[in-house]
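Enquirer: The amino acid sequence is not available; the structure is as follows:
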Ligand code: GLU
């Protein structure tokens, strides 16, 4: 166990142990649930642009095999370590349990700065990494299914899918070996924005509870809430966009690696995103107040702080200075154990990562199901639903003796598109999971939602182990 106890995994383990005190799980079973089942640490050569060789260090951790396949993203970052992938894999196990996604948790990481490397280098590296995973049976539709994470996206998932297909030819279900793929490779509409949309939906649920908002001095609802978002990557961008456009919140701050922008009157997320893409640097934009040290922005006045980048952003060091009333953990592990204790004492409401960012893996599950069934979710039912709704509307019109107005008629009759089904199923998942955790917290008088999340997840995983028994 000692090699597994780095800082991040220790932080996750402390939450697990705190939650386990509210459950009756025998010590051996708890240890089995908590530990990481398998870690593959690899080193492989990749040819650089100038023909020289770089030795790349990478990992894949499979935290829990209580359900298969195991599932979790692949991260490309210079900070990747064994401690980090194990901790993130563990969070995946608990996250999947919370949103009822029938997978064990896993995570991969490659120690590289993807923003400093050429696409050709990244492609060679990704394909070699996939080859290593295939050789050791650490990837496959029924074994271990990666997805995007920090520093990776659809492009990398396409390379992984293609490499797997080349190395394991003629597999009927090969496309289900990875999720977050482009649509051209049997991805699913709605996956790209899924984590950010899930973050928005989760925050919306949390702030709707008047009873929880009152002690914070806040009114229920998102409208007008002042929000600072850290990270304008796939998660932060979509979360901020939905919070602003759908929720009516005011995005007063946006932080990125190079610095941040602050404007109490609100920043236009779409414009900031586009201009940053063009100039490559937030600090080059002529909007709001420029903040050179991005960490400083976390401490500015706001109602909600949404860390959507990396782990350990709020620690004992800066937690006393956080002015947000709610911290919504869009990233994995952005508040460490000590940071959390300080925030809790200061009355800050935390919406925990293991619930809040589960939208990504939820839609990954839908993509995997789609790949295994080899058909889009709308294909078999959309037209039938449309015909059936048309007959119903016509019958009502006949009985009432008047016609439904044209715009309403179209709305009533229209069959669903796949993306609408995905968004609706995601909304249902996030809403149900929130109510379950908040209900559990009340029922068992648990100190916070994180504890409720771990209590629920541990209970689910323990139940599976108990029911299946131990072989041999
Ligand atoms: N990397 C994402 C996460 O941390 C998504 C994982 C997945 O879709 O498998 O939840």
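Expert: Thanks, I have it. Keep in mind it's a predicted model, so treat the numbers as computed, not measured.
Enquirer: which one's the longest helix in this structure?
Expert: Secondary structure of the chain per DSSP state H: the longest helix is helix 418-444.
Enquirer: Give me the mean pLDDT for that helix.
Expert: The average pLDDT for helix 418-444 rounds to 98.
Enquirer: For that helix, buried residues please.
Expert: 418, 420-423, 425-427, 429-430, 433-434, 436-438, 440-441 (16 or more other C-beta atoms under 10 Å). Heads up, the C-betas are built off the backbone N, CA and C, glycines and all.
Enquirer: ok, and which of the residues you listed reach the ligand?
Expert: When the buried residues of helix 418-444 are checked against the ligand using C-beta under 6 Å from any ligand atom, none falls in range.
Enquirer: And the residue of the stretch 151-300 of the chain that's closest to the ligand?
Expert: Distance from the ligand to each residue of the stretch 151-300 of the chain (C-beta to the nearest ligand atom) is smallest for residue 179, at 5.5 Å.
Enquirer: what about that residue, neighbour count?
Expert: Counted by other C-beta atoms under 10 Å, the residues lying close to residue 179 total 29.
Enquirer: and if you look at residue 225?
Expert: When neighbours are counted by other C-beta under 10 Å, residue 225 comes out with 23.
Enquirer: give me every residue that touches it.
Expert: Contacts for residue 225 (C-beta atoms under 8 Å, 6 or more residues apart in numbering) come out as 207, 218, 247, 249, 250, 303, 304.
Enquirer: What lies in contact with stretch 203-221?
Expert: In contact with stretch 203-221 (C-beta under 8 Å, 6+ apart) are residues 222, 225, 239, 243, 247, 303-304, 306, 325-326, 328, 347, 349, 351, 356, 430-431, 434-435, 438.
Enquirer: ugh, wrong one, I meant stretch 12-20
Expert: So stretch 12-20 is contacted by 5, 30, 33-34, 87, 90-91, 94, 333, 337, 450-451, 453-455, 458 (C-beta under 8 Å, 6+ apart).
Enquirer: cutoff 7 Å now
Expert: The contact list for stretch 12-20, computed with C-beta atoms under 7 Å, 6 or more residues apart in numbering, reads 30, 34, 87, 90, 91, 333, 337, 450, 451, 454, 455, 458.
Enquirer: sec struct for residue 377, please.
Expert: coil (DSSP: H, G, I helix; E, B strand; the rest coil).
Enquirer: That one - how many residues pack around it?
Expert: Neighbours of residue 377 using other C-beta under 10 Å come to 21.
Enquirer: for the contacts of residue 225, which one is nearest residue 410?
Expert: Residue 410 lies nearest to residue 247 out of the contacts of residue 225, by C-beta to C-beta, at 26.8 Å.
Enquirer: pretty sure that closest one contacts residue 222?
Expert: Yes. The pair residue 247 / residue 222 is scored as a contact, 3.5 Å apart, by C-beta atoms under 7 Å.
Enquirer: In the contacts of stretch 12-20, find the pair that's most separated.
Expert: 30 and 333 (20.6 Å).
Enquirer: So between the two, which is more surrounded?
Expert: More crowded of residue 30 and residue 333, by other C-beta under 10 Å: residue 333, with 25 against 17.
Enquirer: Now that one: closest residue in space that isn't a chain neighbour?
Expert: Using C-beta to C-beta, 6 or more residues apart in numbering and skipping the chain neighbours, the partner closest in space to residue 333 is residue 311 (3.6 Å).
Enquirer: Now do the residue in the stretch 301-450 of the chain positioned nearest to the ligand against residue 231, distance only.
Expert: The nearest approach of the stretch 301-450 of the chain to the ligand comes at residue 364, 3.2 Å away (C-beta to the nearest ligand atom). Per C-beta to C-beta, to the nearest Å, residue 364 is found 20 Å from residue 231.
Enquirer: wait, what's in contact with the closest residue to residue 198 other than its chain neighbours?
Expert: Nearest non-adjacent residue to residue 198, counting by C-beta to C-beta, 6+ apart: residue 359, 1.7 Å away. Residue 359 is in contact with 194, 195, 197, 198, 199, 426, 430, counting by C-beta under 7 Å, 6+ apart.
Enquirer: Help me confirm that the fourth one comes into contact with residue 425.
Expert: No. Contact between residue 198 and residue 425 fails when scored by C-beta under 7 Å: they sit 11.3 Å apart.
Enquirer: Which residues does stretch 437-447 contact?
Expert: With C-beta under 7 Å, 6+ apart as the criterion, stretch 437-447 contacts 22, 209, 355, 449, 452, 453, 455, 456.
Enquirer: Can you get me a residue count around the fourth one?
Expert: Residue neighbour count, defined by other C-beta under 10 Å, stands at 22 for residue 449.
Enquirer: quick one on the thing from earlier: in CSV: the contacts of residue 359, plus secondary structure.
Expert: Shown next, in CSV, are the contacts of residue 359 (three-state DSSP):
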residue, secondary structure
194, helix
195, helix
197, helix
198, helix
199, helix
426, helix
430, helix
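Enquirer: so how far is residue 434 from the closest residue to residue 435 other than its chain neighbours?
Expert: With C-beta to C-beta, 6+ apart as the criterion, residue 435 has its nearest non-adjacent residue at 7.5 Å, and that residue is residue 205. As judged by C-beta to C-beta, residue 205 and residue 434 stand 4 Å apart.
Enquirer: Ok, residue 358 next?
Expert: In this structure, residue 358 lies at 10 Å from residue 434, with C-beta to C-beta as the measure.
Enquirer: One more: residue 33?
Expert: Distance from residue 33 to residue 434, by C-beta to C-beta: 23 Å.
Enquirer: Check residue 199 too.
Expert: 12 Å.
Enquirer: same check, this time on residue 79
Expert: Counting by C-beta to C-beta, the gap from residue 79 to residue 434 is 31 Å.
Enquirer: Same check on residue 292?
Expert: Residue 292 sits at a distance of 37 Å from residue 434 (criterion: C-beta to C-beta).
Enquirer: Name the nearest of the contacts of stretch 12-20 relative to the ligand.
Expert: Proximity of these to the ligand (C-beta to the nearest ligand atom) peaks at residue 91, which lies at 7.3 Å.
Enquirer: Can you list the residue ranges for strands in this structure?
Expert: Along the chain, the segments classed as strands by DSSP state E run 38-47, 53-62, 70-77, 104-111, 144-148, 226-230, 250-256, 259-262, 289-291, 304-307, 326-328, 349-351.
Enquirer: Looking at residue 247 and residue 222, which is more packed in?
Expert: Higher neighbour count among residue 247 and residue 222: residue 222, with 22 against 19, using other C-beta under 10 Å.
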